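**Student:** sequence first, predicted coordinates after that:
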Amino acid sequence: MEHHITIRSTEGLELAATLHYPEGEGAAGRTCGKYPVIIIAHGFVGTRIGVDRLFVLAAREFAKTGYMVLRFDYGGCGESTGEYGAGGLDSMIDQTRSVIDYVLDIDCVDPQRVILLGHSLGGAVSVLTAARDKRIKTLVLWSAVGYPFNDIVGITGKAAYEEAVQKGSVDYLGYSLQPVFFESLQKHQPFEQLRKFNGDVLLVHGTADEVIPVDYCFLFQKLFWLRSQGQCDKEVIFQADHTFTGAKAKAQLLSKTRDWLLYIDKRKQEWNDWTI
């Protein structure tokens with residue numbers, strides 16, 4: 001079952017979202033009558049649908065496994081109100097936290113099993129949010145941005161950035177990007193902030209990603225391993241591109257993510273049973 005909803009952010013934005021309810025008990029199942037929840041954060045000028053319906057397919061697959069899933073549009077994207085990037089990454093972090101507020105008000109959501117899944121720039125935003133918000137227990141990062149400023153300017157082109165600085169804004173694919181957006185990209189460094197998150201992490205990246213280097217996956221894992229708490233695993237998918245184009249790449253992405261989440265959940269349950 002799917003419901004289209006609207007979530008009001010702390011800044012007054014109306015965030016369009018789709019909530020997927022678990023289909024039956026599923027493998028993830030209920031714990032104390034409550035379900036785990038996955039929140040999907042899309043990338044730069046993306047939407048909650050995803051390229052080639054990636055996030056729709058992911059949400060439906062996870063719902064079949066017993067997860068509640070919420071995917072949403074950041075302000076200025078998809079069906080949400082606002083202007084994209086107007087408040088920089090700080091605004092995107094706040095929007096993500098508003099979505100967390102919403103899901104935790106749902107009676108059947110387990111607050112101890114909140115999973116944040118971010119793709120591309122959404123991956124960077126997810127790391128930055130998790131570093132601030134202890135309600136996030138697990139992170140899944142698909143093709144995650146590691147150096148926000150360099151990576152996004154690499155996408156828009158240096159000329160676009162320079163025009164934004166000189167003229168106060170630049171038209172990029174119909175989105176008006178302002179200097180404050182680029183300044184926030186320089187300010188926030190996921191590689192420096194990730195150590196503040198103590199939960200478990202899954203990294204997935206494709207070897208054919210020409211947008212964000214697959215090398216970031218290895219660096220993320222190395223730095224996550226330096227933490228005193230939390231597990232970090234990675235999956236590198238051969239010949240997969242940035243958005244995991246094609247049936248084979250998508251199938252691998254979704255199955256590896258699903259299986260890892262179930263493994264982590266089972267391990268935690270066994271640990272809880274052992275400590276009781």
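**Tutor:** That came through, no problem. Numbers count the residues shown, from 1 in each chain.
**Student:** point out where the stretch 1-150 of the chain drops to low pLDDT.
**Tutor:** 24-32 (pLDDT under 70).
**Student:** and the strands in it, which stretches?
**Tutor:** Ranges of strands within the stretch 1-150 of the chain are 2-8, 14-20, 35-41, 68-72, 109-119, 138-142, based on DSSP state E, counting those that start in this stretch.
**Student:** okay, these in a markdown table with distance to D90 next?
**Tutor:** Using the backbone N, CA and C atoms, a C-beta is placed for each residue, glycine as well. Shown next, in a markdown table, are those (distance: least, Cβ to Cβ, whole Å):
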| stretch | distance to D90 |
| --- | --- |
| strand 2-8 | 18 |
| strand 14-20 | 16 |
| strand 35-41 | 15 |
| strand 68-72 | 17 |
| strand 109-119 | 16 |
| strand 138-142 | 19 |
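**Student:** tell me which of those lies nearest to F149.
**Tutor:** Smallest distance to F149 across the strands of the stretch 1-150 of the chain (Cβ to Cβ): 17.4 Å, for strand 109-119.
**Student:** who does the closest one touch, helix- and strand-wise?
**Tutor:** strand 35-41, helix 54-64, helix 88-104, helix 121-132, strand 138-142, helix 247-275 (3 or more Cβ pairs under 8 Å, 6 or more residues apart in numbering; DSSP states H and E).
**Student:** contact partners of the first one?
**Tutor:** This points to strand 35-41. The contact list for strand 35-41 (Cβ atoms under 8 Å, 6 or more residues apart in numbering) reads 22, 28, 48, 55, 58-59, 62, 66-72, 74, 96, 99-100, 103, 106, 108-110, 113-119, 122-123, 125-126, 140, 261, 265.
**Student:** these, buried ones only, as a ChimeraX selection?
**Tutor:** Applying 16 or more other Cβ atoms under 10 Å to the contacts of strand 35-41, the buried members can be selected in ChimeraX as follows:
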select :22,28,48,55,58,59,62,66,67,68,69,70,71,72,74,96,99,100,103,109,110,113,114,115,116,117,118,119,122,123,125,126,140,261,265
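**Student:** which of the strands of the stretch 1-150 of the chain sits closest to Y172?
**Tutor:** Across the strands of the stretch 1-150 of the chain, closest to Y172 is strand 109-119 (Cβ to Cβ), at 18.8 Å.
**Student:** check the offset of that closest one from the chain's centre.
**Tutor:** 10 Å (Cα atoms, centre = their mean, to the nearest Å).
**Student:** picking that back up, so which of the strands of the stretch 1-150 of the chain comes closest to F191?
**Tutor:** strand 138-142 (12.0 Å).
**Student:** who touches that closest one?
**Tutor:** By Cβ under 8 Å, 6+ apart, strand 138-142 touches 38, 113-120, 123, 126-127, 130, 197, 199-205, 220, 244, 253, 257, 260-261, 264.
**Student:** just want the most central residue of the chain.
**Tutor:** Nearest to the geometric centre of the chain sits G118, at 1.5 Å (Cα atoms, centre = their mean).
**Student:** pretty sure that one is touching A124, no?
**Tutor:** Yes: at 7.2 Å, G118 counts as touching A124 under the criterion of Cβ atoms under 8 Å.
**Student:** now do the shared contacts for the two.
**Tutor:** A144.
**Student:** returning to what we had before: please render the helices and strands packed on strand 109-119 as a markdown table that adds distance to Q178 to the earlier fields.
**Tutor:** A markdown table is the format used below for these (distance: least, Cβ to Cβ, whole Å):
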| stretch | distance to Q178 |
| --- | --- |
| strand 35-41 | 21 |
| helix 54-64 | 26 |
| helix 88-104 | 9 |
| helix 121-132 | 16 |
| strand 138-142 | 27 |
| helix 247-275 | 33 |
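**Student:** between these, which one is nearest to H4?
**Tutor:** Nearest to H4, of the helices and strands packed on strand 109-119 and by Cβ to Cβ, is helix 54-64 at 12.2 Å.
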